[in-house]
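Novice: Okay, sequence plus prediction incoming.
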Amino acid sequence: MDNIFESPETRPSLASEAHRKNVDNPVQPVMLDEIVFEDIKLLIKKICFWERSSLIPDKETGYYSVLLPGGMALNFHCIGTYALADGSRATDSVYHYIGDFNNGIAKVVVPGQGYSYINKNFEPISASYSQASDFYNGFAIEKKKMNQII
């Protein structure tokens, strides 16, 4: 589980320049329809290519968390976004933390705003927090400011 008391404001801004590059000139996937392998029983196609990026499937939604160039990991010095199952970009938003979806809600860090939660449509569903945990069984721990746990 994450350290819920690590504030995005206290993290080093190692990814700041890379984040600005991804906002000013967002990485877009190259959509393909190439047959990689084919035999009588199996057909493997390459449907997209994200340059210098890593894609990790979300078990609940079928979306992909995308670690964009300049990011180190989805939960540490992250520069990330989401992709749909077909490989296309799901949202223009870029986050500094991307959590897994749990009951249709994911924790993200919105640059300059702090922790927030989004729904499966990538719409924010809560205010920004200085600290927050992932949702689990419909609950999360959030902290707006010092010594105020919601």
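Specialist: Perfect, thanks for sending it.
Novice: remind me, longest strand of this protein?
Specialist: Ranked by residue count, the top strand of the chain under DSSP state E comes out as strand 30-38.
Novice: Packing partners of that one?
Specialist: strand 43-49 (3 or more CB pairs under 8 Å, 6 or more residues apart in numbering; DSSP states H and E). All C-beta atoms are positioned from the backbone trio N, CA, C, and that covers glycine.
Novice: And the strand it packs on, how far out from the chain middle?
Specialist: Offset of strand 43-49 from its chain centre (CA atoms, centre = their mean, to the nearest Å): 22 Å.
Novice: now swap in stretch 115-123 and tell me
Specialist: For stretch 115-123, the separation from the chain centroid amounts to 10 Å (computed by CA atoms, centre = their mean).
Novice: what residues does it touch?
Specialist: 8, 61, 63, 82, 90-91, 93, 97, 101, 104-110, 124-132, 135, 140, 142 (CB atoms under 8 Å, 6 or more residues apart in numbering).
Novice: How far does that stretch stretch from one end to the other?
Specialist: Using CA to CA, to the nearest Å, one end of stretch 115-123 lies 14 Å from the other.
Novice: Tell me which stretches of the protein form helices.
Specialist: Using DSSP state H, the helices of the chain run over residues 16-24.
Novice: mind listing the strands for it?
Specialist: So, for the chain - with DSSP E - the strands run 30-38, 43-49, 54-57, 64-67, 80-83, 97-98, 105-110, 114-119, 131-132, 142-143.
Novice: close enough to count as contact, residue 50 and residue 27?
Specialist: Yes: the pair formed by residue 50 and residue 27 meets the contact definition of CB atoms under 8 Å, at 6.7 Å.
Novice: Okay, and the beta partners of the residue nearest in space to the middle of the chain?
Specialist: Closest residue to the average C-alpha location of the chain: residue 98 at 3.3 Å, with CA atoms, centre = their mean. Counting by DSSP bridges, residue 98 is bridged to residue 108.
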